[in-house]
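Student: Predicted model and sequence follow; I will ask about them next.
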Amino acid sequence: MTENQSSKKKFYCLYIKTGCEWDYVKEIQPLLDSPETPCTGKLYCLGKQMRLKNGKEYTDTLFQSYVFWETDNLSRIQDIKDEEGFIGFLPNDKEIKPLSARDTELVTSFLKYGSVIPILNVRFDVNDRIVIVDGLFKGMEGFISDVNRSNKRINFEVTLMDGKRILSLSYQELQKKEEK
């Protein structure tokens, strides 16, 4: 392994007790950022902005029970494992391996837009097909498995760690400007 390869940060997937993902990151990240230790990475809990029928918005996890750890140094692995809510490393806690190149590309593509994916801007074309206007999922209509117009939700199918995952995201419909 060359020096350049060994210093390159890799992503690992942590399996965390459902509902504890955000708190886990809040508790552990300060330990990883501690000035007494060399930088040992960054934790990410990917989220999505959602809207209820009544208009109330909230943030939910994108991949339930998953927290991603970007690091080039596994020296703080015991701190990661000792925190309340930690279940294991995926896909196998006995043989800790980084995410594949394809999975890393998926995670980093989400992170380009921040750790929380905003509500999607869409419109429906003349054939009543949904069109994503901007953002991360623009042009990805082929990966939509379902559109729920009454709840304003779109379900996307993605592959992560050799398994299919359904991502349910909120959307808001943009009205076409009427031409005068």
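Tutor: On my side now, so go ahead.
Student: Would you list the phi and psi of the residue most central in space within the chain?
Tutor: In the chain, the residue lying closest to the centroid (Cα atoms, centre = their mean) is Leu46, at 3.3 Å. Dihedral angles of Leu46 (phi, psi; degrees, to the nearest 10) stand at phi -80, psi 140.
Student: Just give the closest residue to it, not the sequence neighbours.
Tutor: Among residues not flanking Leu46 along the chain, Leu62 sits closest, at 4.0 Å (Cβ to Cβ, 6 or more residues apart in numbering). In short, each C-beta sits where N, CA and C put it, glycine included.
Student: can you give me the strands for the chain?
Tutor: Counting by DSSP state E, one finds strands in the chain at the ranges 10-16, 42-44, 47-51, 57-61, 66-71, 86-90, 116-117, 120-124, 130-132, 144-148, 153-160, 163-173.
Student: before we move on, the earlier item: measure the residue nearest to Leu46 to Leu160 for me?
Tutor: As for Leu62, its distance to Leu160 is 10 Å (criterion: Cβ to Cβ, to the nearest Å).
Student: same check, this time on Asp60
Tutor: For Asp60, the distance to Leu160 - Cβ to Cβ - is 17 Å.
Student: These two - which one has more neighbours?
Tutor: Counted by other Cβ atoms under 10 Å, Asp60 and Leu160 do not tie: Leu160 has more neighbours, with 18 against 13.
Student: Run the chain-centre distance for stretch 136-148.
Tutor: Centroid separation between stretch 136-148 and its chain, computed with Cα atoms, centre = their mean, to the nearest Å, is 16 Å.
Student: How about residues contacting it?
Tutor: The contact list for stretch 136-148, computed with Cβ atoms under 8 Å, 6 or more residues apart in numbering, reads 109-110, 112-113, 117, 120, 129-132, 153-158, 166, 169.
Student: buried set for it?
Tutor: Buried residues in stretch 136-148, defined by neighbour count with 16 or more other Cβ atoms under 10 Å: 137, 141, 144, 147.
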